[in-house]
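Undergrad: got a structure for you, letters missing:
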């Protein structure tokens, strides 16, 4: 698997698939039993390249006797910034992650979401070329998730490379240039979110309004699903025109016709389903 | 070097914000104050009793801090996963280890100095004066600090490859064994076979010799401590700590963190 310069790469997989393990290997927190990895052309064992990397651990936990400002200042020292620059960067980062008013509170009083924000701030504090985020949306409320998404997009716009792991597929679809899907410790596919799932059509979805009464309208009503004032019906591509004729005859007002394509979620669930079936088969044959 | 100092500074700051340490130092000062009272009711030997009790209090409290905090220096960071973000910075694991060691030794130096100041105040209270001869008490305090540095290094080594509880037991056990190194060397081993004699002899030189740091008797009676012993203990501590910390660094550098 390769992450290209300047792209946002999503690392997807169910819980226990090996996402965090892979990231920990890249960051030198654990060591591989076989194989190798390189970051920015250098082996992962070379800690000097950490100058160019920002890392947000999964469910981050920091020294709770420090304030957020002190923690960021502590981390900034490792990058050799002078006092004035450290102070400027710390204040800028606290503002960026929405903690400018909580910067002087000890971290022991922080919520999970606030710790996540501090984690993000320390990861981008030194303006790294590559940002590795392990489950960056974890523990965040919708506003926080939106802010993290904006920060990731902002980093992308200034040319940073971002690798982040997630099991929230909508985030990956929204943010990533490419995704890699891992399940059972194996990489199952790499590509753009739109292409990795394939291009085959799963049918057509028709949304329409239906007048009350009439025999033909009743026939359609039993085949469609109602949501509010609208009805939805999924048909194959071959059946589309005949169905449209039927709807016209019943006096329906068609509001949209959309091709149904498999989503990243479908692809993801299919993989997980296959894995579970395989595991069950092994368990049965083992008995 | 600067990265080691950054970690050391933060370790010291952690200790400063830990109320347990204040309680322990307060307890030591209380013991020293009690020693002053006990000294007053001990006819003629008030200084001997007070200095002995005072130095014992400094040593005991220092040992408690060195063992328990020393074991937690690395293991707590691994358990709480605070290490993950730290090791993502341009920092070698050995630098982290050395920084933690230096930070705790600095903390112990400050604590020991505070307790020693308490002891000198108590001495002033009992004797109404401090003479040049009392400088030997300072030497005894310095030796306690050297001993504590070695205990911290051992605690860190054990915590790198075993659980905190076992690391505490190993460090405590090695400390007690180290108090009897001199006896082990002078043991009459005529009844033992040659192999056992050799093993015990080697062991007596491998074990940290904590007995060497004990000059409490000399300090209590105002007898001077030879300069050669000060130099010997200083070099011994530096060398022994270097060996122990190097072993700890080798183990820690290959350790998978959870």
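TA: Sure thing, it's come through. Computed from a prediction, not measured in an experiment: that's the story for all the values here.
Undergrad: contacts, neighbours, all on C-alpha from now
TA: OK.
Undergrad: which parts of the stretch 151-258 of chain B sit against chain A?
TA: B:254, B:255, B:256, B:257, B:258 (C-alpha under 8 Å from any C-alpha of the partner chain).
Undergrad: Can you select the buried ones from the residues you listed in ChimeraX?
TA: Command for ChimeraX that selects the buried part of those, burial taken from 16 or more other C-alpha atoms under 10 Å in any protein chain shown:
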select /B:257
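Undergrad: nearest to chain A, of the residues of the stretch 151-258 of chain B next to chain A?
TA: Using C-alpha to the nearest C-alpha, residue B:256 comes nearest to chain A of these, at 4.3 Å.
Undergrad: Against residue B:162, how distant is the closest one?
TA: Using C-alpha to C-alpha, to the nearest Å, we find residue B:256 at a distance of 13 Å from residue B:162.
Undergrad: Kindly report the same for residue A:75.
TA: Where residue B:162 is concerned, residue A:75 sits at a distance of 28 Å (C-alpha to C-alpha).
Undergrad: higher neighbour count, those two?
TA: Set side by side, residue A:75 and residue B:162 show more neighbours around residue A:75, with 24 against 14, by other C-alpha atoms under 10 Å in any protein chain shown.
Undergrad: Does that one touch residue B:86 like I think?
TA: Yes: Residue A:75 lies in contact with residue B:86 (C-alpha atoms under 8 Å); the separation is 7.4 Å.
Undergrad: For the residues of the stretch 151-258 of chain B next to chain A, give me CSV that also has distance to residue A:3, secondary structure and pLDDT.
TA: Rendered in CSV, the data for those read as follows (distance: C-alpha to C-alpha, whole Å; DSSP: H, G, I helix; E, B strand; the rest coil; pLDDT from 0 to 100):
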residue, distance to residue A:3, secondary structure, pLDDT
B:254, 27, coil, 91
B:255, 27, coil, 93
B:256, 25, coil, 92
B:257, 25, coil, 90
B:258, 25, coil, 78
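Undergrad: Flag every residue of chain A that's near chain B.
TA: So chain A meets chain B at A:27-31, A:47-51, A:53-57, A:60-63, A:65, A:74-75, A:77-79 (C-alpha under 8 Å from any C-alpha).
Undergrad: Mark which of these are part of helices, please.
TA: A:74, A:75, A:77 (DSSP state H).
Undergrad: can you put these in a markdown table and add distance to residue A:150 and pLDDT?
TA: Output for those, formatted as a markdown table (distance: C-alpha to C-alpha, whole Å; pLDDT from 0 to 100):
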| residue | distance to residue A:150 | pLDDT |
| --- | --- | --- |
| A:74 | 26 | 96 |
| A:75 | 24 | 96 |
| A:77 | 27 | 96 |
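Undergrad: Looking at those residues, which is nearest residue A:108?
TA: Nearest to residue A:108 among these: residue A:74, at 16.6 Å, using C-alpha to C-alpha.
Undergrad: Pull the number of nearby residues for the closest one.
TA: Other residues near residue A:74 come to 20 when the count uses other C-alpha under 10 Å.
Undergrad: Next up, the contacts around it.
TA: By C-alpha atoms under 8 Å, 6 or more residues apart in numbering or on different chains, the contact set of residue A:74 is B:6, B:10.
Undergrad: Equivalent analysis for residue B:21, please.
TA: B:15, B:65.
Undergrad: following the helix or strand harbouring residue B:142, which helix or strand shows up next?
TA: Assigned by DSSP states H and E, residue B:142 belongs to helix B:135-159. Remark: after helix B:135-159, the chain's next helix or strand is helix B:164-179, criterion DSSP H and E.
Undergrad: Now do the same for residue A:214: its pLDDT.
TA: We have a pLDDT of 69 for residue A:214.
Undergrad: typed the wrong thing, it's residue B:202
TA: The predicted local confidence for residue B:202 is 85.
Undergrad: does residue B:115 really touch residue B:31, like I thought?
TA: No: counting by C-alpha under 8 Å, residue B:115 sits too far from residue B:31 to count as a contact (10.1 Å).
Undergrad: Can you pick out the residue with more neighbours from the two?
TA: The neighbour count for residue B:115 versus residue B:31, taken as other C-alpha under 10 Å, is higher for residue B:115 (27 against 20).
Undergrad: can you state the direction angle for the helix or strand containing the more buried one and helix B:135-159?
TA: Element membership of residue B:115 [criterion: DSSP H and E] is helix B:93-127. Put simply, helix B:93-127 runs at 150 degrees to helix B:135-159, going by axes from the mean of the first three to the mean of the last three C-alpha atoms, to 10 degrees.
Undergrad: For helix B:93-127, buried residues please.
TA: Those would be B:93-109, B:111-116, B:118-123, B:126, for helix B:93-127 by 16+ other C-alpha under 10 Å.
Undergrad: thinking again about what came up before, check which helices and strands the helix holding residue B:142 is in contact with.
TA: For helix B:135-159, the packing partners by 3 or more C-alpha pairs under 8 Å, 6 or more residues apart in numbering or on different chains; DSSP states H and E come out as helix B:46-80, helix B:93-127, helix B:164-179, helix B:216-221, helix B:227-253.
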